[in-house]
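K.L.:
Got a sequence here, can you model it:
(chains A and B)
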Amino acid sequence: MLHMTGITKAFYGVKVLDKVDLHVAPGEVHALLGENGAGKSTLMNILAGVYTRDAGQVIFMGNPLEHTTVRSAESAGIAFVHQELNLFNDLRVYENIFLRKEVTKALGILSKREMIEKTRALLTGLEVDINPTAMVSELDTGKKQLLEIAKALHAKAELFILDEPTTSLNSAEIEKLFATIRTLKAQGKSFIFISHKMQEIFEIADRYTVLRNGMLVASGDISEVTAPEVARMMVGNQYTDAGVYVQRQLGEVVLETKGLSGRGFHDIDFAARKGEIVGFTGLKGAGISEFFSTLFGALPITGGSLKVFGSTQSKHSVQKAMRGHLSMIAANRKENSIIPDFSLLENFYVSEHRLSKKKPLLKKSRELGRFRGHRESLSIKANTAFDMITSLSGGNQQKVILARWLNTGADILLMDNPTQGIDVGSKAEIYSLIQQLSLSGKTILFNTLEIPEIMKVADRCVVFYHGAIHSVLNRADISEERVMLAATNAIPKEEYQTP
Amino acid sequence: MTQQTHSFDRQKQPLTKVLGNYSFILIFLAILAVYLIINAGATTWSGVMNILRHSTVVGIMAFGMGLAIITGGIDLSVGSMLSLTGGMSVVVFNQTNSPLLTLLFALVFGLFLGSVNGILIGKVKMPPFIVTLATMMIYRSLAQYYLRAVERKSIYNMDGTLSQYQGFYDFGQSKLFDLIPMVGIILILVTVIMVFIATSTKYGRTIYAVGSNERAALLAGISVDWVRVSVYAITGVLCGLAAFIWLAMNGAVDPATLGRSNEMYAIAAVVIGGVSMSGGKGKLLGILFGAMSYNIIDKIIAAMRFDALINDTIKGLILLLAVLIQILIPALRSRFKKAGA
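P.N.:
Sure, this is the predicted structure:
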């Protein structure tokens, strides 16, 4: 049905896909596998007409696809179901399905009854229980996903690209999705299924293709491989630079949770020592960001206990966390950290002011003096302290935010994806700063999707799966393969041996 | 190294940027020049001072509006708060014969009315536009209802037979050193205090932070809810002060007309002053000039013997012009930059 051969694509001279092949047969579920940055998304975006290829050939249902655009790919029968769903929340189910293809009577009056009936027939055919007149905003994520598939089906799609469709679904919803996939498969429709979760892949996929660093690693029948083999193919034998790590003497326990539960995670038993660096990782949506936000008081604790420097936090709040010497560098710097109308200096001092509000007056010379120290130790590059924060590079912005929290006298730093949107050079800098901070007695918990970053600095690695701790690895035991096996639950928690 | 540190700690701004930040002064001077030319021979010192005097009531309220707008909100109820607080203050004065108690009452009552807005917006998290639209209707209606149902009058009149009345009224007309109207001095004092709060206190910066990026402000430890409550509460206090000054100047309150459309003039003063309607940026100093600019327009129209009904047309045009200048200056600056590079 689909033959992609020799697909090559470069961005700004960097090859992200190098002669990749992908073949999908009618009625097949094809798992497309690889780490973040392996080239899966680029390949799918080429297929869906979002990007144009530099070289290679695409033949779909016997016809070569040239100069593909999003619209021509759609009309050829390729449907890309994105992670962020493309539905209109404020419209009804049938309105979404018939958007821009409305059935009309004379004078352009909408024939609602006909559209509702056709929608009902379509959804019944898929054995999906959705009311055609419900508002989309009232549907849960699982149903929205199914609706998206129904919508594509209505547009006569033959091949569905599902990009991590199960990330935000619970197990019942996943079962429903798989049932729908099987129904459509029996009708000869094909799926390209992108997921990191091994169990799902082995449950639903017929064939697989693994990409690594933009190259084809392997392709074949799923029945001929095992989950650990696939994980190894994804990771390869990568060289990792242990570079900055320094062995240190750790202090007393400063942060402790017992059975802590909150939004998106549950029953976390964890303790960190003074001066320790702990790397957290897991698939997107595994619950680490929520865990960090809850420790920082930005999300409510729903169960269990949290102890910071030995004192139990009952009614937790951001202000209380700050007074308890906790701080958090949030993920998505632009939305959660940067105050865009403020200068570097103002972005720097806002948080400390919350702790020192008993002295209400702002003294510029005092703030400049404090900032000077942090600017030098973090080597923040800027012309003046009064430059707008938005004029700095991502790496320097992040250092200003780090300075903001060090200025509050925080001893425990939670960093959620601290190197997001930062160039390679600054990433290395951030990690050597983490190392330095730990030497001065700070405790650092950081969350990242990139395992080599954990191998660089962490004393321990905590792997989350589905809102709970899957396993905790000591520094000597951290390897990409091991972490990947845990993060994807390729080896379930019960069978996973912690050496 | 020290050289570098010094230059790092100093603010350097190109002239075009400074001009862009202070465009409200240019607008004010231009309008003032037009007034002086039109009025030519008839200009007197007290005529010019009247600009300050007549800007006071709206100007003081506009500072509250400015705070609300900087947090990303708005307060449509300022005119109605002026009317209700003014009316109630007349009642209090007639009962107590004490200007001081009347001032105290006006401030506390204003604080109460503003806090109602603040709690609904900050704590209950209702949209500022809707909350203050509702209280705009409620407060004015209460002022009118109380007058007719309880006082059984058509206007709130201060009792001229009271011993303190003359002193109170004279205060509203008095001039410092026979030169500057006292109420104008209060406006300038309010300006100084508000600019100081905005630029030189930790609290002032939180107002800007909330308007610039609420989520980041929250995660930086700012109590966003209470910042919101506080700006509407401060607006209420300022409306109370404005009501007291109105009484000193006029001695009576007609609740049906006092403060009508003042919310619109206050918003316009804030916008001409260069405060961004999307929140997070702008200088409070601009509000003084914005309020005075609008007042001069009244005087120009009177001097030219135009029908007063043309007033809002000209004010509307000036508002559009002011916003146009604020858009054009940054655009010109970036064009200069490109040409330079």
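K.L.:
excluding its backbone neighbours, what's nearest whichever residue of the stretch 51-200 of chain A sits closest to chain B?
P.N.:
Nearest to chain B, among the residues of the stretch 51-200 of chain A, is A:Asp90, at 17.4 Å (C-beta to the nearest C-beta). (C-beta placed from N, C-alpha, C; glycine too.) Leaving aside its sequence neighbours, A:Asp90 sits nearest to A:Ser137 (C-beta to C-beta, 6 or more residues apart in numbering or on different chains; 6.5 Å).
K.L.:
what's the answer for A:Ser337, then?
P.N.:
Closest to A:Ser337 by C-beta to C-beta, 6+ apart is A:Ile401, at 4.8 Å.
K.L.:
got the contact list for that neighbour?
P.N.:
The contact partners of A:Ile401, taken as C-beta atoms under 8 Å, 6 or more residues apart in numbering or on different chains, are A:329, A:333, A:337-338, A:347.
K.L.:
can you tell me which of these are in helices?
P.N.:
Cross-referencing these against helices under DSSP state H gives A:333, A:347.
K.L.:
in the chain, which ranges drop under the pLDDT threshold?
P.N.:
You didn't pick a chain, so chain A it is. A:12-13, A:36-37, A:83-85, A:168, A:237-244, A:421, A:423-425, A:496-499 (pLDDT under 70).
K.L.:
meant chain B, my bad for not saying
P.N.:
Using pLDDT under 70, the flagged stretches of chain B are B:1-7, B:12-17, B:19-20, B:41, B:334, B:336-341.
K.L.:
What segments of it are strands?
P.N.:
B:156-157, B:175-176, B:180-181, B:252-253 (DSSP state E).
K.L.:
Output those as JSON lines; include the columns mean neighbour count and distance to A:Ile288.
P.N.:
Shown next, in JSON lines, are the strands of chain B (neighbours: other C-beta atoms under 10 Å in any protein chain shown; distance: least, C-beta to C-beta, whole Å):
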{"stretch": "strand B:156-157", "mean neighbour count": "20", "distance to A:Ile288": "63"}
{"stretch": "strand B:175-176", "mean neighbour count": "12", "distance to A:Ile288": "64"}
{"stretch": "strand B:180-181", "mean neighbour count": "18", "distance to A:Ile288": "63"}
{"stretch": "strand B:252-253", "mean neighbour count": "22", "distance to A:Ile288": "60"}
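K.L.:
helix/strand/coil for the most centrally placed residue in chain A?
P.N.:
What sits nearest the mean C-alpha location of chain A, by C-alpha atoms, centre = their mean, is A:Lys284, with 3.5 Å. For A:Lys284, the assignment made with DSSP: H, G, I helix; E, B strand; the rest coil gives coil.
K.L.:
Against A:Glu66, how distant is the residue lying closest to it once chain neighbours are set aside?
P.N.:
The spatial neighbour of A:Lys284 that comes closest, neighbours along the chain excluded (C-beta to C-beta, 6+ apart), is A:Thr167 at 5.8 Å. Separation of A:Thr167 from A:Glu66 (C-beta to C-beta, to the nearest Å): 33 Å.
K.L.:
A:Leu260 now?
P.N.:
Applying C-beta to C-beta to A:Leu260 and A:Glu66 gives a distance of 55 Å.
K.L.:
Might you report the residue contacts of residue 250?
P.N.:
Here I'm looking at chain A. Here A:Leu250 is in contact with A:273-276, A:459 (C-beta under 8 Å, 6+ apart).
K.L.:
Not quite, go with chain B.
P.N.:
So B:Asn250 contacts B:Gly172 (C-beta under 8 Å, 6+ apart).
K.L.:
For chain B, which residues are neighbours of chain A?
P.N.:
B:5, B:7-12, B:199-206, B:208-209, B:211-213, B:215-223, B:280-281 (C-beta under 8 Å from any C-beta of the partner chain).
K.L.:
ChimeraX command to pick out the buried ones of those residues?
P.N.:
The ChimeraX selection below is limited to those of these classed as buried (16 or more other C-beta atoms under 10 Å in any protein chain shown):
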select /B:8,9,201,202,204,205,206,208,209,211,212,213,216,217,218,219,220,221,222,223,280,281
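K.L.:
okay, now the spatially closest residue to B:Leu319 that is not a sequence neighbour: neighbour count?
P.N.:
Leaving out its chain neighbours, the residue that sits closest to B:Leu319 by C-beta to C-beta, 6+ apart is B:Ala268, at 5.0 Å. Residues within reach of B:Ala268, counting by other C-beta atoms under 10 Å in any protein chain shown, total 23.
K.L.:
quick one: B:Ala268 from chain A, how far?
P.N.:
Using C-beta to the nearest C-beta, to the nearest Å, B:Ala268 is found at 22 Å from chain A.
K.L.:
Can you pull the residues of the stretch 151-300 of chain A lying near chain B?
P.N.:
For the stretch 151-300 of chain A, the residues in contact with chain B (C-beta under 8 Å from any C-beta) are A:296, A:298.
K.L.:
For chain B, what's its nearest residue on the stretch 151-300 of chain A.
P.N.:
A:Ala298 (6.1 Å).
K.L.:
how about the helices in the stretch 201-341 of chain B?
P.N.:
B:202-212, B:214-219, B:224-250, B:262-272, B:285-303, B:311-340 (DSSP state H, counting those that start in this stretch).
K.L.:
which residues touch the shortest one?
P.N.:
Surrounding helix B:214-219, the residues in contact under the criterion C-beta under 8 Å, 6+ apart are A:296, A:298, A:318, A:328, A:330, A:335-339, A:350, B:72, B:206, B:209-210, B:224, B:227.
K.L.:
From the structure, what's the count of residues near the closest residue to B:Asp9 other than its chain neighbours?
P.N.:
If the residues on either side of it in the chain are set aside, B:Asp9 comes closest to A:Leu368, at 4.8 Å by C-beta to C-beta, 6+ apart. Using other C-beta under 10 Å, A:Leu368 has 19 other residues around it.
K.L.:
How about the contacts made by A:Leu368?
P.N.:
A:Leu368 sits next to A:345, A:385, B:9 when contact means C-beta under 8 Å, 6+ apart.
K.L.:
is it true that it lies in a helix?
P.N.:
Yes - under three-state DSSP, A:Leu368 sits within a helix.
K.L.:
ok so, going back, so is the residue nearest to A:Lys284 in a helix, a strand, or just coil?
P.N.:
coil.
K.L.:
Wait, it touches A:Leu283, no?
P.N.:
Yes - the pair A:Thr167 / A:Leu283 is scored as a contact, 7.4 Å apart, by C-beta atoms under 8 Å.
K.L.:
Those two: which has the busier surroundings?
P.N.:
The residue with more neighbours, out of A:Thr167 and A:Leu283, is A:Leu283; 21 against 16, by other C-beta under 10 Å.
K.L.:
Phi, psi for the more buried one please.
P.N.:
phi -70, psi 170 (degrees, to the nearest 10).
K.L.:
Tell me who's in contact with it.
P.N.:
Residues near A:Leu283 by C-beta under 8 Å, 6+ apart: A:167, A:196-197, A:465, A:487-488.
K.L.:
related to what we said a few turns ago, higher neighbour count, A:Leu260 and A:Glu66?
P.N.:
Taking neighbours as other C-beta under 10 Å, A:Leu260 and A:Glu66 compare with A:Leu260 leading, 21 against 10.
K.L.:
What segments of the stretch 51-200 of chain A are helices?
P.N.:
Along the stretch 51-200 of chain A, the stretches classed as helices by DSSP H, counting those that start in this stretch are A:70-76, A:93-97, A:112-125, A:141-154, A:171-186, A:198-204.
K.L.:
Taking the stretch 1-150 of chain B, what residue is nearest to chain A?
P.N.:
Nearest to chain A, among the residues of the stretch 1-150 of chain B, is B:Gln11, at 4.2 Å (C-beta to the nearest C-beta).
K.L.:
which ones are touching that residue?
P.N.:
A:384, A:386.
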